[in-house]
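**Q** could you work out the structure for the sequence below:
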Amino acid sequence: STDEGLETTYYKDLDTDTYGNAGSTQDACIQPAGYVLDDTDCNDNDISINPAGVEVCDGVDNDCNALTADGSGETTPSNSLQDGVCSGSEKSCTSGAWTDDYSGVSDYEANEVSCDSLDNDCNGTTDDECDCVSGTTRSCGSDIGECVSGTETCIAGEWSGVCSGEVVPTAEICDGVDNDCNAGTADGSGEATPSNSLQDGVCSGSEKSCTSGAWTDDYSGVSNYEATEVTCDSLDNDCDNSTDEGLETTYYKDLDTDTYGNAGSTQDACIQPEGYVLDATDCNDADIAINPAAADVCDGVDNDCNAS
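**A** Below you'll find the model as predicted:
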C-alpha cells in the first residue's frame, strides 16, 4: 500500500469558483489541478453559483443554501401601484420572477368596494365607486316657511334617503303661514276656496279670498257688484235678492196712445217700457178722445177726466 492514511481528499472545481463538488473527489498527497479542499458547491457547472453567491430572483439556489429565499440578495423592487394604501409596497419573488404582490397591503382592494376615505385600489382616486363616506352626514330638506331641515346619513357608501328630523311641507291653508314651504304659492291655495256670504244676484258663484290669514268676503272681482245699489240696470247689484230696489220708476199703461196713462195699470222699470207713460190721469184708457186735455162736450161723458 502506498501512502495509506496520508493522502487528502480533494473535490473537483470544474467552474473554478474555488468551491468543490462533493460528488467528484480525488485522494492525493499534493492538491491536483482543478481540485479544491472545499466540497460545498451545489452547481459546479456555474461559477456564479456557490456558497458565496448572491441570491437573485431566478428560481435558482444561487448561494447553495436552501433556507435562503430566492431573490433575497437583491433590493426588492416596488410594486407597480404605489398610490393610496399601496405606497411603499414591494414585489415578491415568485417562480423566479419579481411579481406584484399586494397580499400584505392593509386595506388593499383590487376593485374598490369600501367607502372609507382611502384609495383602496391604488388608482389615485379615493372611494371612486362611493357616493359618500359611511358615517358622514349632510343637511337635507328645507328651511323655507314652516319646513325644518333634517340630517341624512351615509350608510355603506350610499346616502340613506332618510331625512331624520325633517319637518315636511303640508297643504297650503289660509292661516298666514307658508305651509307648503313655497313662497310663490298663495296662502290658502291648498284648500277649496269658500263662497262669499252673498250669493244672490251678480254675486252668484263668487268666492272669498285669503287675507291676512283668514277667509274674507271678496267682491272685488264681481262684475256689476255694488255694496249699495245705485245702478238701475235690471240686476241685483248688491246681491240682496232684490233688483233695482228704490231705483225704478213707475210707468202707467197708455193703451189708447193719447200720452195719458191708466193709474190702475202700472209697471216699475229702469227704462220706460213701450206702451207706458209717466202720466196717470187718463180716466178712460180705451178711448183716445177722453183724457185731461180733451174738451168736455154735452154727451153725458166725462171727456176731460175732471169728474165735473
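
**Q** could you use CA atoms for every contact and neighbour count after this?
**A** OK.

**Q** wait, a strand at residue 202?
**A** No: Residue 202 is assigned helix when assessed by DSSP: H, G, I helix; E, B strand; the rest coil, not a strand.

**Q** if I look at it, how far off is residue 234?
**A** 11 Å (CA to CA, to the nearest Å).

**Q** which one's more surrounded, those two?
**A** Neighbours were counted for residue 202 and for residue 234 using other CA atoms under 10 Å; residue 202 has more, 21 against 15.

**Q** I'd like the distance between that one and residue 105.
**A** The gap separating residue 202 from residue 105 is 86 Å, by CA to CA.

**Q** before we move on, what about residue 22?
**A** For residue 22, the distance to residue 105 - CA to CA - is 44 Å.

**Q** what's the answer for residue 252, then?
**A** According to CA to CA, residue 252 and residue 105 sit 115 Å apart.

**Q** of these two, which one has the most company?
**A** Between residue 252 and residue 105, counted using other CA under 10 Å, the more crowded position is residue 252 (25 against 15).

**Q** doesn't residue 262 make contact with residue 280?
**A** Yes: shown here, residue 280 and residue 262 form a contact pair, counting by CA atoms under 8 Å, at 5.2 Å.

**Q** what touches both of the two?
**A** residue 252 (CA atoms under 8 Å, 6 or more residues apart in numbering).

**Q** and stretch 128-144, end to end?
**A** OK, stretch 128-144 end separation, CA to CA: 34 Å.

**Q** what of stretch 270-282?
**A** Start-to-end, stretch 270-282 (CA to CA) is 22 Å.

**Q** what does stretch 217-235 give?
**A** 20 Å.

**Q** and stretch 70-83, by the same measure?
**A** Note: stretch 70-83 ends 27 Å apart using CA to CA.

**Q** and it, what's buried?
**A** 70, 71, 76, 78, 79, 80, 81, 82, 83 (16 or more other CA atoms under 10 Å).

**Q** and it, how far out from the chain middle?
**A** 49 Å (CA atoms, centre = their mean, to the nearest Å).

**Q** then stretch 101-121?
**A** 32 Å.

**Q** and the end-to-end length of it?
**A** Chord length of stretch 101-121, first to last residue, is 13 Å (CA to CA).

**Q** stretch 12-28 now?
**A** In stretch 12-28, first residue to last residue: 13 Å (CA to CA).

**Q** mean confidence score for it?
**A** Averaged over stretch 12-28, pLDDT sits at 97.

**Q** list the buried ones in it?
**A** 12, 13, 14, 15, 17, 18, 19, 20, 21, 22, 25.

**Q** which ones among those are found in strands?
**A** Secondary structure from DSSP state E places 12, 21, 22, 25 of those in strands.

**Q** for residue 307, state which of those residues is nearest.
**A** When these are ranked by distance to residue 307 (CA to CA), residue 21 comes first, at 175.4 Å.

**Q** I'd guessed the closest one sits against residue 9; true?
**A** No: between residue 21 and residue 9 there is no contact, the gap being 11.7 Å when judged by CA under 8 Å.
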